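Trainee: test case, fold it:
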Amino acid sequence: MTNTNDFSRGSVSRHIVALAGPMILAQFINLLYNMVDRIYIGRLGRHATEAMSALGVCLPAITIGIAFANLVGMGGSPLVSIARGKKDLDLARRILANALVYLVFLSVLLMGGGLLFCKPLLIGFGASASTIAYAQTYLSIYLLGTPFVLIALGMNAFINAQGFAKTGMMTVVIGAILNIALDPILIFGCGLGVAGAAIATIVSQAVSMAWTLRFLTSSRSIVRLEWNRLSVDFSIVGQITSLGLAGFMMSMTNSIVTIVCNNVLLRWGGDLYIAVMTVINSLRELASLPGQGFANASQPVLGFNYGAGCYRRVLQGIRSVTLFTLGSMFVFWLLIVVGAHGLFRIFTDDPQVLAHGVRASRLYFFGFFMMAFQMSGQSVAIGLGKSKQAIFFSIFRKVIVVVPLTFLLPFWLGVDGVFVAEAISNFAGGIACYGTMLATIGRELQKKEKNRTI
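Mentor: Residues are numbered from 1 along each chain as shown. Just a heads-up that it's a prediction; the model follows:
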């Protein structure tokens with residue numbers, strides 16, 4: 001790559017791999033944020049299962065925050081990539097400035113609303129009488145750090161979009177290492193329990209936010225954040241929102257599914273199964289990590305070449321990201337299925353959680369590698385600024401397939417039905433999303449390339 005990260009030159013697949021390595025490592029380290037909390041909370045003694053269930057109840061609220069960060073980060077960063085491909089750096093800078101203002105507004109809104117309605121929200125998310133106190137303690141503290149979380153996650157996407165994947169990785173590494181160091185000190189050393197886990201997280205995110213803003217305002221950034229440009233251009237905000245709805249809906253539908261699962265599990269299996277699902281969610285994030293890393297890495301490469309009119313290279317990129325995503329997802333899926341018992345033991349020593357969790361995880365992860373097709377199809381749509389297709393890909397699997405099955409299958413399969421619903425969606429969602437991408441975006445690219453060469 002050149003010093004301006006020109007993705008229209010050199011091997012497309014090498015560009016994707018070069019970006020994916022640091023992104024996957026960054027995502028793995030970011031995963032430690034939540035996993036370390038759950039690992040330590042799972043060692044709190046006789047109340048460990050209730051505390052673990054409480055973290056699972058808080059997960060929808062955390063995911064909603066990530067959804068709003070994705071709205072801006074995944075909506076604005078492809079626009080910056082396309083603008084760079086068109087050599088319009090002034091537009092790219094204006095997009096970046098508007099994104100920061102947008103994130104500040106959303107974070108204040110979310111923090112205020114969350115603190116005001118904390119307890120009723122948690123009850124709606126599936127908290128029981130034995131878990132509500134733990135959940136409310138954790139979430140009320142976590143919400144105070146909402147601006148740190150949204151700005152760190154949302155603005156880091158603009159670092160990766162410029163090709164600085166290693167710098168983007170460091171945003172996550174710095175915060176994660178700090179979180180890992182603070183967790184045992186605050187949870188056990190200071191005796192703060194779940195409150196200590198929440199404090200460690202928001203302090204770590206504050207440091208990550210500071211690192212992100214420092215880089216984007218430095219001379220190293222190709223598209224620099226300039227304070228005098230901070231304003232609201234509603235046309236740019238509208239474009240960010242339109243394209244970012246895909247990433248937003250992806251996280252929001254995850255949150256909706258978690259809320260539905262928690263409530264159905266509470267009815268059919270109790271707090272024990274919410275604790276099981278909390279661990280499974282950690283394993284799902286781990287299994288998804290390599291595929292999502294390649295999918296995210298492809299977006300700036302695809303967007304840059306699309307903006308530059310290099311449609312043949314975009315098609316090459318689609319083939320590459322599909323193969324990379326499918327291959328890596330299959331390997332990690334196999335590791336999860338084979339090593340389920342050992343992985344569960346990292347999070348808990350509770351024999352009931354272990355016994356029910358290992359069986360449930362094998363149902364939940366059946367055919368999980370098929371998710372690679374949804375990841376690939378969705379990354380193509382987001383990278384090329386195709387908001388309608390990207391939103392469809394986000395909604396279809398979770399809302400149209402998983403939610404109805406989660407409600408219905410337990411009437412025939414009991415609590416197992418919740419986990420089987422996810423397995424069915426892996427096949428239905430993956431095939432439908434990738435097939436739709438090929439039939440719409442793929443054909444459009446082929447036509448444009450054919451017209452370009454005539």
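Trainee: contacts and neighbour counts: CA atoms only from here.
Mentor: Will do.
Trainee: measure how buried the closest residue to Gln316 other than its chain neighbours is and give me the count.
Mentor: Spatial nearest neighbour of Gln316, chain neighbours left out: Val12 (6.9 Å); criterion: Cα to Cα, 6 or more residues apart in numbering. Per other Cα atoms under 10 Å, the neighbour tally for Val12 reads 23.
Trainee: what does Ala439 give?
Mentor: 10.
Trainee: measure it to His15 for me?
Mentor: In this view, Ala439 and His15 are 26 Å apart by Cα to Cα, to the nearest Å.
Trainee: secondary structure class for Val380?
Mentor: Assigned state for Val380: helix (three-state reduction, DSSP: H, G, I helix; E, B strand; the rest coil).
Trainee: which residues does it contact?
Mentor: 298-299, 302, 318, 437 (Cα atoms under 8 Å, 6 or more residues apart in numbering).
Trainee: quick one: which of those is the most crowded by neighbours?
Mentor: Using other Cα under 10 Å as the neighbour test, the contacts of Val380 are led by Leu302, with 33 neighbours.
Trainee: quick check: pLDDT value at that one.
Mentor: Confidence at Leu302, expressed as pLDDT, is 93.
Trainee: make sure it is actually in contact with Gly383.
Mentor: Yes. Here Leu302 lies in contact with Gly383, judged by Cα atoms under 8 Å, at a distance of 5.7 Å.
Trainee: what's the burial count for Gly435?
Mentor: Using other Cα under 10 Å, Gly435 has 15 neighbouring residues.
Trainee: which residues of the stretch 101-250 of the chain fall in helices?
Mentor: 118-124, 132-144, 146-161, 165-184, 194-216, 234-268 (DSSP state H, counting those that start in this stretch).
Trainee: how about TSV for those helices, with mean neighbour count, mean pLDDT and distance to Leu79 added?
Mentor: As requested, the helices of the stretch 101-250 of the chain are exported to TSV (neighbours: other Cα atoms under 10 Å; pLDDT from 0 to 100; distance: least, Cα to Cα, whole Å):
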stretch	mean neighbour count	mean pLDDT	distance to Leu79
helix 118-124	18	95	34
helix 132-144	22	95	29
helix 146-161	27	93	9
helix 165-184	22	87	17
helix 194-216	22	94	16
helix 234-268	22	89	8
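Trainee: redo those as TSV? Include distance to Leu343.
Mentor: Shown next, in TSV, are the helices of the stretch 101-250 of the chain (distance: least, Cα to Cα, whole Å):
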stretch	distance to Leu343
helix 118-124	28
helix 132-144	24
helix 146-161	27
helix 165-184	19
helix 194-216	21
helix 234-268	21
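Trainee: so which of the contacts of Val380 is the closest to Ala135?
Mentor: Proximity of the contacts of Val380 to Ala135 (Cα to Cα) peaks at Gln299, which lies at 36.1 Å.
Trainee: so the closest one sits right up against Gly383, yeah?
Mentor: Yes. Counting by Cα under 8 Å, Gln299 does reach Gly383; the two are 4.1 Å apart.
Trainee: so who does the nearest residue to Ala135 once chain neighbours are set aside touch?
Mentor: Using Cα to Cα, 6+ apart and skipping residues adjacent in sequence, the residue nearest Ala135 is Ala54, 4.6 Å away. Ala54 sits next to 127, 131-132, 134-135 when contact means Cα under 8 Å, 6+ apart.
Trainee: give me the element Ala54 is part of.
Mentor: helix 48-85 (DSSP states H and E).
Trainee: now that helix: average pLDDT?
Mentor: Helix 48-85 shows a mean pLDDT of 90.
Trainee: thinking again about what came up before, of the contacts of Ala54, which pair is most distant in space?
Mentor: Ala127 and Tyr134 (9.5 Å).
Trainee: report the contact partners of Gly196.
Mentor: Contacts of Gly196 by Cα under 8 Å, 6+ apart are 183, 186-187, 190.
Trainee: rewinding a little: report the angle between the axes of the helix holding Ala54 and helix 194-216?
Mentor: If you take axes from the mean of the first three to the mean of the last three Cα atoms, to 10 degrees, helix 48-85 sits at 10 degrees to helix 194-216.
Trainee: what pLDDT does the nearest residue to Leu230 once chain neighbours are set aside get?
Mentor: Among residues not flanking Leu230 along the chain, Ala97 sits closest, at 5.0 Å (Cα to Cα, 6+ apart). pLDDT, Ala97: 95.
Trainee: how close does Ala97 get to Met170?
Mentor: The gap separating Ala97 from Met170 is 22 Å, by Cα to Cα.
Trainee: for the helices of the stretch 101-250 of the chain, which one sits closest to Leu89?
Mentor: Of the helices of the stretch 101-250 of the chain, nearest to Leu89 by Cα to Cα is helix 146-161, at 13.2 Å.
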